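Trainee: below is the sequence, then the predicted model.
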Amino acid sequence: RGNDLASILKTQGTPVLAAALQIVKQMATALAAAGKAGIIHRDIKPDNVLVNVDGIVKIADFGLAQLQGMTGDGRLTQEGKTLGTPLYMSPEQVRGEDLDQRSDIYSLGITCYQILSGRTPFSGKTATAIAVQHVTTKAPLLSEEKFDLPDVVCRMIHCMMAKRRSHRYRQADEID
């Protein structure tokens, strides 16, 4: 029993900071476990995060998942379909490059931004317009969206959303 995070955010709004950080911590723990197993989810977003009635968080829908180091299948498009959700895609995913756990960390950062501010950092009229922003546009400062957040939390989220992979956390278990 429970619901997906997208539905919870839609019906209840942004959670208080302590609850939001508990969700973030559990998502990072789940991604760390997937990363240790060599799995790249490729579609981290609130719709794919389940929260049960006890507040336990699970990452769901591994339908687009890829084993790290696997090539050929990890491109942005396959038979005309986009692999991932443009609102949450990492810059390297948009560019069709090889992915690693840092791509999921970027998507986690976008999801965390939404959990804390109530909106995603990028929007547009088309999927392409949104995807391009992940590559070219710096996300609005979370501290300007939500003034009462501690600086350390804002820095953590922006580190996850760094445009360059080398500027993000290398593994999800480094997020704290």
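Mentor: Received it, and whenever you're ready, just let me know what you need. Computed from a prediction, not measured in an experiment: that's the story for all the values here.
Trainee: tell me where this structure has strands.
Mentor: Assigned by DSSP state E, the chain shows strands spanning 2-4, 39-40, 49-52, 57-59, 66-67, 77-78, 81-82.
Trainee: point out the most buried one among the ones you listed.
Mentor: Comparing the strands of the chain by mean neighbour count (mean count of other CB atoms under 10 Å), strand 39-40 comes out on top with a mean of 22. Every C-beta, even on glycine, is put in place using the N, C-alpha and C of the backbone.
Trainee: which strands and helices sit next to that strand?
Mentor: strand 66-67, helix 101-117 (3 or more CB pairs under 8 Å, 6 or more residues apart in numbering; DSSP states H and E).
Trainee: hang on, the earlier thing: may I see the strands of the chain organised as a markdown table, with distance to H134 and mean pLDDT added?
Mentor: Putting those into a markdown table (distance: least, CB to CB, whole Å; pLDDT from 0 to 100) gives the following:
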| stretch | distance to H134 | mean pLDDT |
| --- | --- | --- |
| strand 2-4 | 22 | 94 |
| strand 39-40 | 17 | 94 |
| strand 49-52 | 19 | 96 |
| strand 57-59 | 20 | 95 |
| strand 66-67 | 19 | 86 |
| strand 77-78 | 15 | 40 |
| strand 81-82 | 13 | 42 |
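Trainee: show me what contacts V24?
Mentor: Contact analysis of V24 by CB atoms under 8 Å, 6 or more residues apart in numbering lists 108, 112, 115, 175.
Trainee: repeat that for I23.
Mentor: So I23 contacts 5, 15, 49, 51, 57, 115 (CB under 8 Å, 6+ apart).
Trainee: change it to 6 Å
Mentor: Listed by CB atoms under 6 Å, 6 or more residues apart in numbering, the contact set of I23 reads V57.
Trainee: before we move on, the earlier item: out of the contacts of V24, what pair is the most spread apart?
Mentor: Maximum pairwise distance in the contacts of V24, criterion CB to CB, is 13.6 Å, between I115 and I175.
Trainee: and stretch 149-168, which residues are buried?
Mentor: 149, 153-154, 156-158, 160-163, 165, 168 (16 or more other CB atoms under 10 Å).
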